[in-house]
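> What follows is a predicted protein model with its sequence.
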Number of protein chains: 2
Amino acid sequence: MQARRHPSSLQVGILDVDLCGPSIPRMLRAEGKAVHQCDSGWVPVFVDQEQSISLMSVGFLLERPDEAVVWRGPKKNALIKQFVSDVAWGQLDYLVVDTPPGTSDEHMAAVDALRPYSPLGALVITTPQAVSVGDVRRELTFCKKTGLRVIGVVENMSGFVCPHCNECTNIFSRGGGEELARHAGVPFLGSVPLDPELTRSLEEGRDFIQEFPQSPAFPVLAAIAQKILNETPVQLS
Amino acid sequence: MQARRHPSSLQVGILDVDLCGPSIPRMLRAEGKAVHQCDSGWVPVFVDQEQSISLMSVGFLLERPDEAVVWRGPKKNALIKQFVSDVAWGQLDYLVVDTPPGTSDEHMAAVDALRPYSPLGALVITTPQAVSVGDVRRELTFCKKTGLRVIGVVENMSGFVCPHCNECTNIFSRGGGEELARHAGVPFLGSVPLDPELTRSLEEGRDFIQEFPQSPAFPVLAAIAQKILNETPVQLS
């Protein structure tokens, strides 16, 4: 039987494997922080006061923030392997791995490095347009080829409610993510609307959950998180 | 002295080096078309009736459109080299190379393969948010490192004018592209607004220039194209 736990007691690691575009440090207001060495490896950066969320990103290893990571595949593969095995993650309840788009070195390296830990699966994000859905269809094929389970599909940038007149415009079309999930036989987890408060939070490293609970994207993100938690061994009270 | 030519008489090649997400065939309504072999190499696909725009994309080489291109760097490099040297492009006035985001194998391979042709330079696209601007700052550093001139910076997804009330919302912030260009000392070419008619055109492979000349993105795109043409040896009448 699992003990029921409060969400804030969970230990969550975030691994940013977007080596050419490491954006997570800024989004979590951890830009410019340093990664230290300890006996058991690199110490990730804690991004909250409770020290429950730890982050590792190539952004912490660059001397200057505008430095270009001009690396070919083999070097990227080696670093991602190190990020999994040589970081002192400690005991984690979840490790969230953020990849760039595509199905290339970063993805293969992450899948290979994480295989011994039996990952829960891939959360696949698309925008509603057919061009994006096409890319993501290829990512689903990648998951199948590499034996990685698909937790579900999320549609992002799905409609925009004008804050001036409350009318909704589907700037990037709508419904492509849901149709893709149905077609691929994987769960559809929700449609996240375009939300200036969400982009502002990510832009300024603000805490969206604390500051914008009335925002249109909030209930959708909360429901998606709950669906993922529901199928994991950690029970929340 | 250069002869003055009408824009429609130009021969333009488009090379899609986004190997994991080849979206151009759909955007130009060329999905499912086949690439043939001739004595001088692969024959690119003509996407207009006048046969003035030719396209090469890995999308034409896949057996099924949802096939994942799960390739590591060296294989990608080899294909991009082939796309430049083994495609029967014919006499071109312009070759436009569309890359995925980042500064990795595709970018190095394209820069290396095109170097003998003295490329005009890189057109660098960002969205307005700081996270995106950060990635693009790294791309500018990449251009500097590889000796590739920067033609200019374009800000995409820059503000949305609600079609219901005509009020503008900066969904993804605004002005990041212009500031970046100023900071890097490269020209800023313009801000393209979020425009449902533009996304619909790309989605459905429709001819935006013919069908939506009244659209908010149209004059901006035309002005950007003109600025690029102004500094090239081809003179338009």
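Sure, I can see it.

> give me the number of residues near A:Gln49?
By the other CB atoms under 10 Å in any protein chain shown criterion, the neighbourhood of A:Gln49 contains 6 residues. Placement of C-beta: from N, CA and C, glycine included.

> before we move on, what about A:Asp135?
The number of residues packed around A:Asp135, counting by other CB under 10 Å, is 22.

> who's in contact with it?
A:Asp135 makes contact with A:101-102, A:126, B:20-21, B:23, according to CB atoms under 8 Å, 6 or more residues apart in numbering or on different chains.

> what's the answer for A:Ala34, then?
Neighbours of A:Ala34 in contact, by CB under 8 Å, 6+ apart: A:45, A:60.

> Give the helix, strand or coil label for it.
What DSSP: H, G, I helix; E, B strand; the rest coil gives for A:Ala34 is coil.

> What values do phi and psi take at it?
Backbone torsions for A:Ala34, taken as degrees, to the nearest 10, come to phi -110, psi 150.

> so who does A:Phe172 touch?
Each residue near A:Phe172 by CB under 8 Å, 6+ apart is listed here: A:127-129, A:132, A:157-158, B:196, B:199.

> mind listing the helices for chain A?
Along chain A, the stretches classed as helices by DSSP state H are A:24-27, A:73-85, A:105-114, A:130-146, A:176-184, A:196-204, A:208-211, A:217-230.

> looking at the ones you listed, which is buried most?
Mean neighbour count (mean count of other CB atoms under 10 Å in any protein chain shown) peaks for helix A:24-27 among the helices of chain A, with a mean of 24.

> Give me the mean pLDDT for that one.
Here helix A:24-27 scores 92 as its mean pLDDT.

> Alpha carbons only: can I get it in CSV?
This file holds the C-alpha atoms of helix A:24-27, laid out as CSV (Å, rounded to 0.1, in the frame of the first residue of the first chain):
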residue,chain,number,x,y,z
ILE,A,24,14.2,26.1,-18.3
PRO,A,25,16.7,28.1,-16.1
ARG,A,26,15.0,31.4,-17.2
MET,A,27,11.5,30.0,-16.8
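
> domain assignment for chain A?
Split into domains by automatic domain parsing, chain A comes to A:1-119, A:121-237.

> Apart from its neighbours in sequence, what residue is nearest the closest residue to chain B within chain A?
Closest contact between chain A and chain B, by CB to the nearest CB, is at A:Gly73 (2.9 Å). Closest residue in space to A:Gly73, ignoring its immediate chain neighbours: B:Gly73 at 2.9 Å, by CB to CB, 6 or more residues apart in numbering or on different chains.

> Against A:Trp71, how distant is the one you found?
Look at B:Gly73 and A:Trp71: by CB to CB, to the nearest Å, they are 9 Å apart.

> tell me, what's touching the two both at once?
Here B:Gly73 and A:Trp71 have B:Ser104 as joint contacts, going by CB under 8 Å, 6+ apart.

> The residue nearest to the spatial centre of chain A pairs with what?
By CA atoms, centre = their mean, chain A has its centre lying nearest to A:Asp98, at 4.1 Å. For A:Asp98, the beta-bridge partners under DSSP bridges are A:Asp16.

> Which residues are in contact with the residue of chain A positioned farthest from its centre?
Relative to the centre of chain A, the most outlying C-alpha is that of A:Cys165, 32.1 Å out, by CA atoms, centre = their mean. Contacts for A:Cys165 (CB under 8 Å, 6+ apart) come out as B:162, B:164-165, B:167.

> of those, buried ones?
By neighbour count, with 16 or more other CB atoms under 10 Å in any protein chain shown, these hold B:Cys162 as buried.

> Where does pLDDT dip in chain A?
Residue ranges of chain A with pLDDT under 70: A:1-8, A:233-237.

> try 50 this time
For chain A, the stretches flagged by pLDDT under 50 are A:1-2.

> picking that back up, what's near enough to touch the residue nearest to A:Gly73?
A:72-74, A:76, A:104-105, B:104-105.

> From those, pick the one nearest A:Gln37.
Within the contacts of B:Gly73, proximity to A:Gln37 (CB to CB) peaks at A:Lys76, which comes in at 21.3 Å.

> Surely the closest one touches B:Ser104?
Yes: A:Lys76 is within contact range of B:Ser104, at 7.4 Å (criterion: CB atoms under 8 Å).

> hey, what's in contact with both of those two?
With contacts taken as CB under 8 Å, 6+ apart, A:Lys76 and B:Ser104 have A:19, A:105, B:73 as neighbours in common.

> that older thread, and the helices of chain A: which comes nearest B:Pro119?
Among the helices of chain A, helix A:73-85 comes nearest to B:Pro119, with 23.8 Å by CB to CB.

> Now that closest one - C-alpha only, PDB.
Taking C-alpha atoms only, helix A:73-85 is exported to PDB below (Å, rounded to 0.1, in the frame of the first residue of the first chain):
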ATOM      1  CA  GLY A  73      25.600  14.400 -31.900                       C
ATOM      2  CA  PRO A  74      28.200  12.200 -30.100                       C
ATOM      3  CA  LYS A  75      29.100  15.100 -27.700                       C
ATOM      4  CA  LYS A  76      25.400  15.700 -27.000                       C
ATOM      5  CA  ASN A  77      24.800  12.000 -26.300                       C
ATOM      6  CA  ALA A  78      27.700  11.900 -23.900                       C
ATOM      7  CA  LEU A  79      26.400  14.900 -21.900                       C
ATOM      8  CA  ILE A  80      22.900  13.600 -21.700                       C
ATOM      9  CA  LYS A  81      24.200  10.300 -20.400                       C
ATOM     10  CA  GLN A  82      26.100  12.200 -17.800                       C
ATOM     11  CA  PHE A  83      23.100  14.300 -16.900                       C
ATOM     12  CA  VAL A  84      21.300  11.100 -15.900                       C
ATOM     13  CA  SER A  85      24.100   9.100 -14.300                       C
END
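
> Off-centre distance for it?
18 Å (CA atoms, centre = their mean, to the nearest Å).

> wait, what's in contact with A:Val45?
Contact analysis of A:Val45 by CB under 8 Å, 6+ apart lists A:25, A:30, A:33-35, A:54-56, A:60.
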